[in-house]
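In: when you get a sec, could you give me coordinates for this:
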Amino acid sequence: MKELSGFLPRSANYRRLRIGRPRSSFMSPRKNAQVAFISAVSVLLLSAVAAYITIGRLENSHRWVVHTYQVQSVLGEIDAALSRSARARNRYIATGNESVLASFEAAIPEVQQKLSEIRKLTEDNPKQQELCSSLENLTMQRIGLFRQQISLRRTKPEDAAGQRDIASKDLALAFERASIIQEMRDEEQRLLQFRNLASNRFFSLTVAILATTFVASLFLFSIHYRLLNTELEARAQAEHVARESEKSLQHLTSRLLRMQDEERRKFSRELHDSLGQYLAGVKMNLEMYAQAQPNDALLTSAIQLLDDSIAETRTISHLLHPPLLDEVGFSSAAKWYLEGFSERSGVQVKIDLPEDLGRLPRDLELGLFRVLQESLTNIHRHSKSSRAEVTLQTLPGKVILQVKDFGNGIALERLKAFQSKGTGFGVGLSGMRERVRELRGRLDIESNSSGTLISVTLPRTAEATPAITAS
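Out: Residues are numbered from 1 along each chain as shown. Presented below is the predicted three-dimensional model:
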């Protein structure tokens, strides 16, 4: 246990660090980052709303500009149509040609149509509607005077004084009508200027809001970035601590396994050299005494029990650490162990080992033997299989040990839990996995209703840390 003292303080300190550190300290940067991000998004949404409203106002301002031009254009078209009718009237009065009256009659409906159009365009403005009424009245009065002049020309061609009198009335109406049209144009221009001024003020306000929200968004996003970076650094530090703890735990587990192997080797040697020798000495003494008392049944039974005890001691000693493993290598130790396992358990084992396997690194041989022991023990205890197959393959740079049974198999849920979390099984498979990991190998377990296959792949150069001598 002295060898483990260097690990315990570090593990204990790590546990105190995890337990003593308040959980809120991990969550606070994340919450603050979320608040900053949500605030930035809200500000950007506000900017989008402001931009949408601004665009809507600008479009509305554009429509009012177009509306003003439409009103002014229609007023001009009314003047143009009325001018055409006046020119046709003048030609008729001058020439008396009835054909020119067609142009006069064609211009009148156009004037009426444009008057209706200008009234519709200004229907949202009461003042313009009043001016429209005045414009319609004056226009129709002028058209009536045009018709009087045409009628007077037909009935009294030589009545120049009557024509001048009607012309003077028309001139007064024309001046009044021109004043009305100009007033309508001025009103539209005034409304346009007011709307443009309001739109410009709103646009400037919106630009200021957008600039402010953009700067605020940049500021909030920078805060979010810093908080997120802090969170990521804290997470990276926690992961680093977790990895260091996992490495420490793996190192500790590896040392425990090596100490366990050394303890097994020590107990095996003690059983064989000490207890085994004592039992053999007792047997020799009893056998010498039995020669003097050949018919003593109890003595004979005691000698038989001693024989069984010596055999069992030798078996336990070999199972703890077979001497063949150190003397001649894995192949001979595996064959000896499989023969004994078949005799004790009744499980028929088919073995396929290379003839020219030779010696492997010490830690590799020990790891393969412990995997073989644990696999066969699980077959005997759990699978209820009557037969098993053991295969060892040697490939360039690696060896593959496979142990297959034909029993009940392993439940899929337990197998997934073991592969993902390392849970679901006892210490046997966990110890096997740690041994394989220590030797930088790979452990694969395949199982279904037809049986289970355990496959261990180890590099031939695998060499663990030198063994620790147990004290």
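In: and stretch 166-184, average pLDDT?
Out: Stretch 166-184 shows a mean pLDDT of 90.
In: can I get it in PDB, CA atoms only?
Out: The C-alpha coordinates for stretch 166-184 follow below in PDB (Å, rounded to 0.1, in the frame of the first residue of the first chain):
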ATOM      1  CA  ILE A 166     -69.600  86.600 -74.100                       C
ATOM      2  CA  ALA A 167     -65.800  86.600 -74.500                       C
ATOM      3  CA  SER A 168     -65.300  89.100 -71.700                       C
ATOM      4  CA  LYS A 169     -67.400  86.900 -69.400                       C
ATOM      5  CA  ASP A 170     -65.300  83.800 -70.400                       C
ATOM      6  CA  LEU A 171     -62.100  85.700 -69.800                       C
ATOM      7  CA  ALA A 172     -63.200  86.600 -66.200                       C
ATOM      8  CA  LEU A 173     -64.000  82.900 -65.600                       C
ATOM      9  CA  ALA A 174     -60.700  81.800 -67.100                       C
ATOM     10  CA  PHE A 175     -58.800  84.000 -64.700                       C
ATOM     11  CA  GLU A 176     -60.800  82.800 -61.800                       C
ATOM     12  CA  ARG A 177     -60.400  79.200 -62.900                       C
ATOM     13  CA  ALA A 178     -56.700  79.600 -63.300                       C
ATOM     14  CA  SER A 179     -56.500  80.900 -59.800                       C
ATOM     15  CA  ILE A 180     -58.400  77.800 -58.500                       C
ATOM     16  CA  ILE A 181     -56.000  75.400 -60.400                       C
ATOM     17  CA  GLN A 182     -53.000  77.200 -59.000                       C
ATOM     18  CA  GLU A 183     -54.400  77.100 -55.500                       C
ATOM     19  CA  MET A 184     -54.900  73.300 -55.900                       C
END
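In: so what touches it?
Out: With contact meaning CB atoms under 8 Å, 6 or more residues apart in numbering, stretch 166-184 is reached by 71, 75, 78-79, 118, 122, 128, 131-132, 134-135, 138-139, 141-142, 145-146, 148-149, 152. For the C-beta atoms, the positions are set from N, CA and C on the backbone; glycine is no exception.
In: can you give me the end-to-end distance of stretch 349-365?
Out: With CA to CA, to the nearest Å as the measure, stretch 349-365 spans 20 Å from end to end.
In: may I see the buried residues of that stretch?
Out: Within stretch 349-365, the residues scored as buried using 16 or more other CB atoms under 10 Å are V349, I351, L353, L357, L360, P361, D363, L364, E365.
In: so the fourth one makes contact with A333?
Out: So the one you mean is L357. No - using CB atoms under 8 Å, L357 makes no contact with A333, being 11.3 Å away.
In: coming back round to it: out of the buried residues of stretch 349-365, show me where the pLDDT dips lowest.
Out: Ranked by pLDDT, the buried residues of stretch 349-365 bottom out at L357 (77).
In: checking T394 next. Helix, strand or coil?
Out: The local conformation at T394, judged by DSSP: H, G, I helix; E, B strand; the rest coil, is strand.
In: you'd agree I454 is in a helix?
Out: No - according to three-state DSSP, the state of I454 is strand, so it is not within a helix.
In: contact partners for it?
Out: Contacts for I454 (CB under 8 Å, 6+ apart) come out as V371, S375, Q402, V403, K404, L443, D444, I445.
In: strands of the protein, start to end?
Out: Ranges of strands in the chain, per DSSP state E, are 348-352, 387-395, 398-405, 442-448, 451-459.
In: each with direction, which strands does the third one pair with?
Out: Based on DSSP bridges, the strands next to strand 398-405 in the sheet, each with its direction, are strand 387-395 (antiparallel), strand 451-459 (antiparallel).
In: which other residues reach it?
Out: Contacting residues not belonging to strand 398-405 are listed as 360, 364, 368, 371-372, 375-376, 379, 383, 385, 387-393, 451-460 [CB under 8 Å, 6+ apart].
In: circling back: of the buried residues of stretch 349-365, closest to F221?
Out: D363 (55.3 Å; CB to CB).
In: hang on, that closest one packs against G441?
Out: No - counting by CB under 8 Å, D363 sits too far from G441 to count as a contact (11.1 Å).
In: give me the domain ranges for this structure.
Out: 24-225, 327-471 (automatic domain parsing).
In: next, format those as CSV and append distance to M259.
Out: CSV is the format used below for these (distance: least, CB to CB, whole Å):
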stretch, distance to M259
domain 24-225, 37
domain 327-471, 6
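In: which residues in the stretch 251-400 of the chain form helices?
Out: For the stretch 251-400 of the chain, the helices defined by DSSP state H, counting those that start in this stretch occupy 276-292, 297-320, 323-327, 330-345, 362-378.
In: wait, which of the ones you listed is closest to Q163?
Out: Closest to Q163 of those is helix 362-378 (CB to CB; 131.2 Å).
In: residues of the closest one that come out buried?
Out: For helix 362-378, burial by neighbour count (16+ other CB under 10 Å) applies to 363-376, 378.
In: tell me the confidence at the residue lying farthest from the centre of the chain?
Out: Within the chain, E158 marks the point farthest from the mean C-alpha position, 99.9 Å out by CA atoms, centre = their mean. Among the per-residue scores, E158 holds a pLDDT of 84.
In: look up how far S332 lies from it.
Out: Using CB to CB, to the nearest Å, we find E158 at a distance of 154 Å from S332.
In: identify the residue nearest Q70 in space, chain neighbours excluded?
Out: Nearest residue to Q70 in three dimensions, chain neighbours excluded: L121, at 6.0 Å (CB to CB, 6 or more residues apart in numbering).
In: all helices for the stretch 101-250 of the chain, in order.
Out: Taking DSSP H, counting those that start in this stretch as the test, the helices found in the stretch 101-250 of the chain are 101-121, 126-155, 160-270.
In: can you add distance to N90 and mean neighbour count and give those helices back as CSV?
Out: Shown next, in CSV, are these (distance: least, CB to CB, whole Å; neighbours: other CB atoms under 10 Å):
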stretch, distance to N90, mean neighbour count
helix 101-121, 10, 16
helix 126-155, 9, 16
helix 160-270, 10, 15
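In: lowest average pLDDT across those helices?
Out: Ranked by mean pLDDT, the helices of the stretch 101-250 of the chain bottom out at helix 160-270, with a mean of 79.
In: quick one: distance of that helix to the chain centre.
Out: Put simply, helix 160-270 sits 23 Å off its chain's centre (CA atoms, centre = their mean, to the nearest Å).
In: the inter-axis angle of that helix versus helix 101-121?
Out: 40 degrees (axes from the mean of the first three to the mean of the last three CA atoms, to 10 degrees).
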